[in-house]
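In: okay, sequence plus prediction incoming.
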Amino acid sequence: MVIYHRKVVFTYVRAKRFYHFLNIEMVTDFKSLLPVIDISPLLAKCDDFDMAEDAGVVEVVGKLDRACRDVGFFYVIGHGISDDLINKVKEMTHQFFELPYEEKLKIKITPTAGYRGYQRIGVNFTSGKQDMHEAIDCYREFKQGKHGDIGKVLEGPNQWPGNPQEYKDLMEEYIKLCTDLSRNILRGISLALGGSPYEFEGKMLRDPFWVMRIIGYPGVNQENVIGCGAHTDYGLLTLINQDDDKTALQVKNVDGDWIPAIPIPGSFICNIGDMLTILSNGVYQSTLHKVINNSPKYRVCVAFFYETNFEAEVEPLDIFKEKHPRKETSQVAKRVVYGQHLINKVLTTFANLVENS
Ligand SMILES: N=C(N)NCCCC[C@H](N)C(=O)O
Ligand SMILES: O=C(O)CCC(=O)C(=O)O
Ligand SMILES: [Fe+2]
């Protein structure tokens, strides 16, 4: 398996060199590969007011634009989060899922727990079908009543396993780094859309919400068992940290083909969510993806979702409407309250969850 995986990585690297040799951006080949973007030049300048004038930033911004337009998924490397942390997060997640059910059920998800905590295999539904995964769901914590009636559904503290002990601290550190990284990538995306770096940091993102799903997919060795059914993500930007030694995530390209997101060690897979579709006036669309773990091995994935304010009334930003005018017939949703969108999704995902199952 490992040898196979290395081969895949080498093929990938070779393909990249080949495209480079031909002086064609690899992003033109979305038919079989997702683009890889080294964002280190962006991060080096992302706190400078005049970052847009930097040649390195301009190059990254061009790549982000192509990737977001053409596929909505890309690998991020040069992101500054250490391999050690990325790997530790996955290792400790494996350890948790290896615990006996009774142990995991100590932090069981229920409606009164604000839909936070551990869910057994079969609890999660996508498009009316059971998903073959178990997970811990976490949401940014907020004071009771802060987000009114809509927010009530998700009220409560996150439920962290007592075992392994340092898990909570590790994940909280990780969430902090993912939050900063997402904001910085969005500065690049804001430039890519023709705005200043800060278009998303106005009233939509004063108090950004986040979601984290810690997911485990049993190895079933069967093509027709769906780990997670096809969906788009709900918010702005997702950062996926997946096991290095099996390919399970698949992304739908413009031709309607499913492209495997082959792991690249140390990278994040980054994809855009429904709120970015609206804010960008439909220029960047959230992309359908699904998960099939047809390897015999257990797979973990930690997905961090960076969102707008919970109560943001999300609509196309004026600046992007100006830069990218669209016809009235455009399919882009005109306006949505992010928290409402999220709650609708949570309630359909867990429609069969009862208090004492
Ligand atoms: N926060 C995110 N993206 N979660 C995705 C979970 C999988 C899809 C979900 N069951 C659904 O039906 O939407
Ligand atoms: O397991 C994965 O690679 C992706 C999971 C996912 O798409 C999600 O939880 O939204
Ligand atoms: Fe997803």
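Out: Structure received. Everything quoted here is computed from the prediction, not taken from an experiment. Ligands and ions are numbered 1, 2, ... in the order given.
In: and the helices in the stretch 1-150 of the chain?
Out: 2-21, 40-45, 55-70, 83-97, 101-104, 148-152 (DSSP state H, counting those that start in this stretch).
In: same check, this time on the stretch 251-357 of the chain
Out: For the stretch 251-357 of the chain, the helices defined by DSSP H, counting those that start in this stretch cover 274-279, 318-323, 338-349.
In: just tell me which of those helices ends up closest to ligand 2.
Out: helix 338-349 (10.2 Å; C-beta to the nearest ligand atom). C-beta coordinates here come from the backbone N, C-alpha and C atoms, glycine included.
In: for the closest one, the averaged confidence score.
Out: For helix 338-349, the mean pLDDT works out to 97.
In: give me every residue in this protein lying close to ligand 2.
Out: Selection of the chain residues close to ligand 2 by C-beta under 6 Å from any ligand atom yields R213, I215, C228, D233, I240, Q242, L249, H289, V291, C301, A303.
In: now the two most distant members of those residues.
Out: By the measure C-beta to C-beta, D233 and Q242 form the most distant pair in these, at 14.5 Å.
In: re the thing from before, neighbour count and pLDDT added to the residues of the chain next to ligand 2, as CSV?
Out: Formatted as CSV, these follow (neighbours: other C-beta atoms under 10 Å; pLDDT from 0 to 100):
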residue, neighbour count, pLDDT
R213, 20, 98
I215, 25, 98
C228, 23, 97
D233, 24, 98
I240, 24, 98
Q242, 24, 98
L249, 28, 98
H289, 24, 98
V291, 23, 97
C301, 25, 98
A303, 22, 98
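In: contacts made by stretch 182-193 with the rest, please.
Out: Residues from elsewhere that reach stretch 182-193, judged by C-beta atoms under 8 Å, 6 or more residues apart in numbering: 39, 42-43, 46, 51-52, 57, 60-62, 64-65, 68, 76, 196-201, 205, 208, 236-237, 239, 270, 272, 276, 280, 283-284, 304, 306, 320, 323-324.
In: make that stretch 338-349, sorry
Out: With C-beta under 8 Å, 6+ apart as the criterion, stretch 338-349 contacts 115, 124-126, 147, 150-151, 153-154, 209, 211, 234-235, 274-275, 307-312, 314.
In: near ligand 1, from the residues you listed?
Out: Applying C-beta under 6 Å from any ligand atom to those, one finds that N124, T126, V211, Y234 fall near ligand 1.
In: residues in the stretch 101-250 of the chain within reach of ligand 1, list them.
Out: Looking at ligand 1, the residues of the stretch 101-250 of the chain close enough under C-beta under 6 Å from any ligand atom are N124, T126, V211, R213, C228, H231, D233, Y234.
In: the same query, at a cut-off of 8 Å, please.
Out: 124-127, 131, 211, 213, 228-229, 231-235, 238 (C-beta under 8 Å from any ligand atom).
In: of those residues, which belong to strands?
Out: Cross-referencing those against strands under DSSP state E gives F125, T126, V211, R213, C228, G229, H231, T238.
In: out of the residues you listed, who's nearest K297?
Out: K297 has its nearest neighbour among those in C228, at 16.9 Å by C-beta to C-beta.
In: mean neighbour count for the helices of the stretch 251-357 of the chain - can I get that in a markdown table?
Out: Shown next, in a markdown table, are the helices of the stretch 251-357 of the chain (neighbours: other C-beta atoms under 10 Å):
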| stretch | mean neighbour count |
| --- | --- |
| helix 274-279 | 25 |
| helix 318-323 | 14 |
| helix 338-349 | 18 |
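In: now do stretch 97-107: distance to the chain's middle.
Out: Here stretch 97-107 is found 25 Å from its chain centre; the criterion is C-alpha atoms, centre = their mean, to the nearest Å.
In: which residues touch it?
Out: With C-beta under 8 Å, 6+ apart as the test, stretch 97-107 has contacts from 96, 117-118, 120, 134, 136, 159-163, 216, 298, 300.
In: try 10 Å
Out: Around stretch 97-107, the neighbours that count as contacts under C-beta atoms under 10 Å, 6 or more residues apart in numbering are 96, 113, 116-121, 133-136, 158-164, 214-218, 298-300, 357.
In: any of those buried? List them.
Out: In the contacts of stretch 97-107, burial by neighbour count holds for 96, 113, 116-119, 121, 133-136, 158-161, 214-218, 298-300, counting by 16 or more other C-beta atoms under 10 Å.
In: one step back: list buried members of the contacts of stretch 182-193 by neighbour count.
Out: Buried among the contacts of stretch 182-193 by 16+ other C-beta under 10 Å: 39, 42-43, 46, 51-52, 57, 60-62, 64-65, 68, 76, 197, 199-200, 205, 208, 236-237, 239, 270, 272, 276, 280, 283-284, 304, 306, 320.
In: helix/strand/coil for I185?
Out: With DSSP: H, G, I helix; E, B strand; the rest coil as the basis, the three-state label of I185 is helix.
In: let me know how buried it is, in neighbour terms.
Out: 26 (other C-beta atoms under 10 Å).
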